[in-house]
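> quick one, what's the 3D model for this:
(one chain, ligands or ions: 3)
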Amino acid sequence: MSQNKYKIGYVFTEKKIKHQGIQQFIDYSRAHDFDIDAINLNIPIESQGPYDCIIHKITDLISKANNGDTEIKKQVDNFENYVKNNPNTPVLDPLEVVCKLMDRITANDLLEKVRKTQEEKGNALFKLPDYVIKPLKQEELKDIHFPIMCKRITACSSKIAHEMALVPSLDKVNETNKIMSLSTNKENEEFIIQQFINHDGILFKIYVYDGKFKVIVRPSLNNVQCKDIIFFDSQKIPKEFKEQKIMEDGVPPINSFANLTPKEEIERKTQLLDEDRINKITKDLGDCLNLTLFGYDVIIDSVTNDYYIVDVNYFPAFSGVKDFNEVLYNAILKKIEN
Ligand SMILES: Nc1ncnc2c1ncn2[C@@H]1O[C@H](COP(=O)(O)OP(=O)(O)OP(=O)(O)O)[C@@H](O)[C@H]1O
Ligand SMILES: O=P(O)(O)O[C@H]1[C@H](OP(=O)(O)O)[C@@H](OP(=O)(O)O)[C@@H](O)[C@@H](O)[C@@H]1OP(=O)(O)O
Ligand SMILES: [Mg+2]
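Ligands and ions are numbered 1, 2, ... in the order given. The predicted structure is shown next:
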């Protein structure tokens with residue numbers, strides 16, 4: 001090993017590693033003189049270090065440990081103890097901040113803090129959809145304005161975190177509860193009941209990496225157009241737009257997601273996104289979150305053109321971000337050398 005090689009340890013799930021981006025980052029780092037390898041959480045980390053820096057998306061394991069998996073809890077404890085006992089080893093990103101994004105209430109509170117500070121300075125650049133935390137019972141939601149999005153409080157790192165429903169009206173609430181409770185068996189589970197904002201089916205994913213950002217335009221849920229509940233897995237929303245197909249009767253097919261949106265409509269909506277405003281929002285969020293890697297989702301209201309942030313994630317996929325490897329590599333170097 002050459003003298004100036006830094007030793008980097010990582011903790012990512014196999015799913016995350018298989019993502020081209022992460023494997024490419026590991027290859028890039030090795031080619032640029034990092035001695036980078038997976039940390040084995042089943043044996044003492046001390047015996048594998050010392051590390052110059054650790055990178056991770058350990059939320060998956062934390063989520064399983066919190067749900068009672070004792071073997072995985074030992075792995076998480078191993079990691080947490082190492083971090084605690086080696087305070088001079090930089091961790092990208094600090095666990096206590098990353099964990100704040102694991103439930104939608106805490107994440108929303110952080111977003112609200114940023115929104116409020118902007119408002120107090122007379123410069124409110126985004127809104128958050130109103131929400132309440134309630135069980136899915138008709139009698140509990142009598143005063144709510146429909147349509148609503150129903151999301152679980154847990155935000156990430158499990159299948160159920162991404163199961164959600166768009167509920168068009170109060171009379172569909174009990175039926176929604178029946179279906180949502182199939183995967184948890186919790187009849188009285190509380191959900192985030194969030195105002196659905198019509199946004200013409202276009203979502204802007206903002207990937208933030210070491211202060212830089214990249215906007216990716218994605219299909220989203222169409223404006224509410226039917227009386228049925230739409231159950232979906234948020235990780236299975238189409239990630240690309242396809243050519244619009246006109247059916248034989250000349251009418252385009254109705255679809256829950258806007259992946260068939262005509263090019264002109266995507267362009268019209270995309271022109272509404274002001275990069276300068278996104279730059280300012282990104283900076284304010286970055287100052288509050290203090291994370292090297294995160295992402296957030298913006299939609300633009302069809303009627304008012306207001307910007308809404310509907311989600312914030314730690315270490316999203318960064319697909320389509322061309323200089324990701326280089327920027328992350330340099331961010332790690334900066335952490336080590338400062
Ligand atoms: N309040 C809302 N109004 C309109 N559309 C919404 C709203 N909230 C979410 N959506 C749509 O549903 C999608 C999934 O919601 P959200 O991002 O909260 O799920 P998630 O499971 O946290 O996603 P991720 O995979 O990014 O972690 C959003 O990307 C957006 O297309
Ligand atoms: O699976 P994908 O490539 O879509 O990546 C998703 C990522 O999964 P990963 O951790 O395996 O990367 C998700 O993490 P968890 O919420 O499940 O923890 C979440 O951050 C999504 O926002 C990412 O979607 P994207 O940012 O691309 O829309
Ligand atoms: Mg999202």
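> quick one: end-to-end length of stretch 156-169, please.
Counting by C-alpha to C-alpha, to the nearest Å, the length from the leading to the trailing residue of stretch 156-169 is 27 Å.
> helices or strands up against the strand or helix carrying Y28?
Element membership for Y28 (DSSP states H and E) is helix 20-31. Using 3 or more C-beta pairs under 8 Å, 6 or more residues apart in numbering; DSSP states H and E, the elements in contact with helix 20-31 are helix 14-18, strand 34-38, helix 324-337. From N, CA and C alone the C-beta is placed, and that goes for glycine too.
> for G286, which of those is the nearest?
The closest approach between G286 and any of the helices and strands packed on helix 20-31, judged by C-beta to C-beta, belongs to helix 324-337 at 12.4 Å.
> now do the buried residues in the closest one.
By neighbour count with 16 or more other C-beta atoms under 10 Å, helix 324-337 contains the buried residues F324, N325, V327, L328, Y329, A331, I332, K335, I336.
> for stretch 257-266, same thing?
F257, A258, N259, L260, T261, I266.
> identify the residue spatially nearest to the second one, adjacent ones excluded.
To tie it back to what came earlier, the one meant is A258. Across the structure, with C-beta to C-beta, 6 or more residues apart in numbering as the measure, the residue nearest A258 apart from its sequence neighbours is G201 (2.3 Å).
> dump the residue contacts of that neighbour.
P219, S220, L221, N222, N223, F257, A258, T261 (C-beta atoms under 8 Å, 6 or more residues apart in numbering).
> quick revisit: return the member of the buried residues of helix 324-337 nearest to ligand 1.
Using C-beta to the nearest ligand atom, F324 is the member of the buried residues of helix 324-337 that lies nearest ligand 1, at 17.2 Å.
> contacts only, for the residue in the stretch 151-300 of the chain that ligand 2 sits nearest to.
Each residue of the stretch 151-300 of the chain has a distance to ligand 2, by C-beta to the nearest ligand atom, and the smallest belongs to C156, at 3.1 Å. When the contact criterion is C-beta under 8 Å, 6+ apart, the partners of C156 are T59, S63, L101, M102, H162, N313, Y314.
> which phi and psi values does the last one adopt?
Put plainly, it is Y314. The phi and psi values for Y314, taken as degrees, to the nearest 10, are phi -80, psi 140.
> beta-bridge partners for F34, please?
In this entry, F34 is beta-bridged to Y6, by DSSP bridges.
> count of residues packed around it?
F34: 21 surrounding residues under other C-beta atoms under 10 Å.
> tell me the pLDDT at it?
With respect to pLDDT, F34 scores 96.
> about what we covered before: so which of the contacts of G201 reach ligand 1?
Restricting the contacts of G201 to those adjacent to ligand 1 (criterion: C-beta under 6 Å from any ligand atom) gives S220, L221.
> what ranges do the strands span in this structure?
Per DSSP state E, the chain has strands spanning 6-11, 34-38, 53-56, 91-92, 131-135, 148-151, 163-167, 190-195, 202-209, 212-219, 230-233, 293-300, 307-314. These are given in chain order.
> what's the second one in contact with?
The reference is to strand 34-38. The contact list for strand 34-38, computed with C-beta under 8 Å, 6+ apart, reads 1, 5-12, 26, 29-30, 329, 332.
> with stretch 316-330 instead?
Taking C-beta under 8 Å, 6+ apart as the criterion, the residues outside stretch 316-330 that touch it are 19-21, 24-25, 28-29, 32, 34, 55, 205, 207, 209-210, 212, 214, 216, 239, 292-295.
> who in the stretch 151-300 of the chain is up against ligand 2?
Near ligand 2, when you scan the stretch 151-300 of the chain using C-beta under 6 Å from any ligand atom, you find C156, S157, K205, Q235, G295.
> quick one: residues contacting the residue of the stretch 201-338 of the chain at minimum distance from ligand 3.
With C-beta to the ion as the measure, D311 is the residue of the stretch 201-338 of the chain nearest to ligand 3, at 3.5 Å. By C-beta under 8 Å, 6+ apart, the contact set of D311 is A107, A155, Y296, D297.
> let's see 7 Å
When contacts are counted by C-beta atoms under 7 Å, 6 or more residues apart in numbering, D311 touches Y296, D297.
> again, but for the one 4 residues further on
If a contact means C-beta under 7 Å, 6+ apart, then F315 has K57, L293 as its contacts.
> what's the closest non-adjacent residue to E265?
Computed as C-beta to C-beta, 6+ apart, the closest residue to E265 that is not its neighbour in sequence is D200, at 6.9 Å.
> can you read off the backbone torsions of that neighbour?
Per-residue torsions, D200: phi 60, psi 20 (degrees, to the nearest 10).
> roughly how far apart are it and R30?
D200 sits 44 Å away from R30, taking C-beta to C-beta, to the nearest Å as the criterion.
> tell me which of those two has more neighbours.
Taking neighbours as other C-beta under 10 Å, D200 and R30 compare with D200 leading, 19 against 14.
> I appreciate the help and will end here.
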